[in-house]
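Engineer: Below: sequence and its predicted model.
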Amino acid sequence: MSKVTPRTLSGFMELLPARQVQFDLMVARLRETFSLYGFTPLDTPLLESSEVLLAKGGGDTEKQIYRFTKGESDLSLRFDLTVPLAKYVAQNAGQLVFPFRRFQIGKVYRGERAQRGRFREFYQADIDIIGDGELGIGNDAEIPGIIYNAFNALGLRNFVIRVNNRKILTGYYEILGLSDKAQDVMRTVDKLDKIGADKVSALLTDELGVAPEAAAQVLALISHTGDPFDALEQYAGRNATFDLGVSELRAVTRDLAAFGVPEANFRVDLTIARGLDYYTGTVFETTLTAHPEIGSICSGGRYDDLAGYYTDRKLPGVGISIGLTRLFFVLEDCGYLNDAVLTAPADVLVVPMTDDTSHAVQLATALRKLGVRAQIYSENKKFKQKLAYADRLGIPFVALLGEDELAAGKVTIKDMRSGEQTTASAALLCEGIRDKLSGLKAAKPINDAKPIVD
RNA sequence: GUGGGUAUAGCUUAGUCGGUUAAAGCGCCGGAUUGUGGUUCCGGAGACCGAGGGUUCGAGUCCCUUUACCCACCCCA
């Protein structure tokens, strides 16, 4: 009989057990970190009515939406977590306490061509702070600290959080008389790192019709080396939006040290703008120092009006989104995933070797009460196969209950890494294992301290 | 959406000018070792060469079609 070939769709990521454990560990660390800053968890449906999801309409996002009908229903898979948040907040505004801080970690879907580091189904880890009518700039200032600590909790060290403020760009382009082209100019300038100043200049003049002098001015500001605030100072007092942007950017950078963000992990970068047009102030973008080619793994910013398509209530917010799937993919690809992390499904494999399994069950129960993950191996296989099972799954301890042990009322524990065996009372061994495991479990999932070079 | 590339064992790949039995490493299974895994040694299973059609005495190899996947652009996490 011919079989259907098992396959996974392009752009969808599936992990083997050990990797999945690692991924889940990263998710857990992010949840812990977000919780430390007072964010509350939120889960929303994967599927929404197309009317709700596409309220904004138009643009590239609409083309990338997975959309289908089921009976009379016109449904769409969410393509980010921000639109569902907007719906949720608009719907529940009366019952929420503002500023509303939520985090959400979930899958989103984009029907675009997959490629390296670019998925069609992927996890985003979002945090957002939503204000009712107003939201202080202090919330923006808190974001870099959260990003830093979140990545730090994962074990990442080599990354840079880049920050800019859209008001600065908007105001500057007003000064230069480029307001009508502001969006396109920002998007072009955003490519500076990738294609270089000459090509950016060419694109500005040839494709966008920017006057050469204005293009030169655009590049002059963003190419400034040294303290970016010195460059910005030259234009002070000429445009209210620009001045506001500069003061907001100052506010965001002022307390970085107090928030615990090292200078090496932060940079004001006047080129970043984010393609998404709903950002109106602070913008963030985070890249891995050793892998800029993969693009941003965490970005976000300030928006004036989250839910304008659903309600008249003005709901400004600031938030970020971590591309967890992309991040995980890059880290695995580059060998940064820390294999020392305990990815075994259990801490102890309890192996009964006689027909009487009651002692094995008792031991497993006692271990679990101590918080030690115990699995009973009940297959009637050869002894070596029982050990091989533990070995292949990376289970660090095997508890052996053979005739000798049962007769003596004891248990033999084998440490699979050292090969050492000790025989003692069950209670004594349980405590010992718990203590040994605590060290292992403190390990972080990622180790990017030593970048691997081909 | 646009442009390029690839398809051979579970995985990564080799396969000469079209020639007879499609090769290797890794992995898997078994044994050496019936209460000791991970190392080593020995043995074994596993491939209608992506699918369909064509040229030919003969196709993994050449041609056409198709599907899937990969890479890049656009855009993004």
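Structural biologist: Yep, it's here.

Engineer: Kindly report the residues of the stretch 101-250 of chain A close to RNA strand B.
Structural biologist: Counting by CB under 7 Å from any atom of the strand, the stretch 101-250 of chain A comes close to RNA strand B at A:110, A:112-120, A:122, A:124, A:187, A:191. No exception for glycine: its C-beta is placed from N, CA and C like everyone else's.

Engineer: hmm, which of those residues are the buried ones?
Structural biologist: For these, a burial check counting by 16 or more other CB atoms under 10 Å picks out A:R110, A:A114, A:G117, A:R118, A:F119, A:R120, A:F122, A:Q124.

Engineer: The closest residue to A:T8 other than its chain neighbours: neighbour count?
Structural biologist: Residue nearest to A:T8 in three dimensions, not counting chain neighbours: A:E14, with 5.3 Å by CB to CB, 6 or more residues apart in numbering. Residues lying near A:E14 (other CB atoms under 10 Å) number 9.

Engineer: wouldn't A:E14 be in contact with A:R7 here?
Structural biologist: No. In this structure A:E14 lies outside contact range of A:R7 using CB atoms under 8 Å: 10.4 Å.

Engineer: Correct me if wrong, but A:V398 is in a strand.
Structural biologist: Yes. According to DSSP: H, G, I helix; E, B strand; the rest coil, A:V398 belongs to a strand.

Engineer: From RNA strand B, how far off is the residue nearest to A:T8?
Structural biologist: According to CB to the nearest atom of the strand, to the nearest Å, A:E14 and RNA strand B sit 11 Å apart.

Engineer: can you check A:Y278 too?
Structural biologist: The gap separating A:Y278 from RNA strand B is 10 Å, by CB to the nearest atom of the strand.

Engineer: tally of neighbours for that residue?
Structural biologist: A:Y278 has 15 neighbours, counted by other CB under 10 Å.

Engineer: and what of the one 10 residues further on?
Structural biologist: Neighbouring residues of A:L288 were enumerated by other CB under 10 Å; the total is 24.

Engineer: Which residue comes closest to it once chain neighbours are left out?
Structural biologist: Nearest to A:L288 is A:F159, by CB to CB, 6+ apart, at 5.3 Å.

Engineer: From the recorded domain assignment, give the ranges for chain A.
Structural biologist: Following automatic domain parsing, chain A resolves into domains at A:17-333, A:348-441.

Engineer: which residues touch A:F284?
Structural biologist: A:I143, A:P144, A:I147, A:I161, A:R162, A:V163, A:C298, A:S299, A:G300, A:G301, A:I320 (CB atoms under 8 Å, 6 or more residues apart in numbering).

Engineer: Now go through those residues and say which are in strands.
Structural biologist: Taking DSSP state E as the definition of strands, the contacts of A:F284 contribute A:I161, A:R162, A:V163, A:C298, A:S299, A:G300, A:G301, A:I320.

Engineer: between the residues you listed, which is closest to RNA strand B?
Structural biologist: The shortest approach to RNA strand B among the ones in strands among the contacts of A:F284 belongs to A:S299, at 4.2 Å (CB to the nearest atom of the strand).

Engineer: which residues in the stretch 101-250 of chain A form strands?
Structural biologist: Remark: strands assigned in the stretch 101-250 of chain A by DSSP state E, counting those that start in this stretch are A:121-130, A:159-165.
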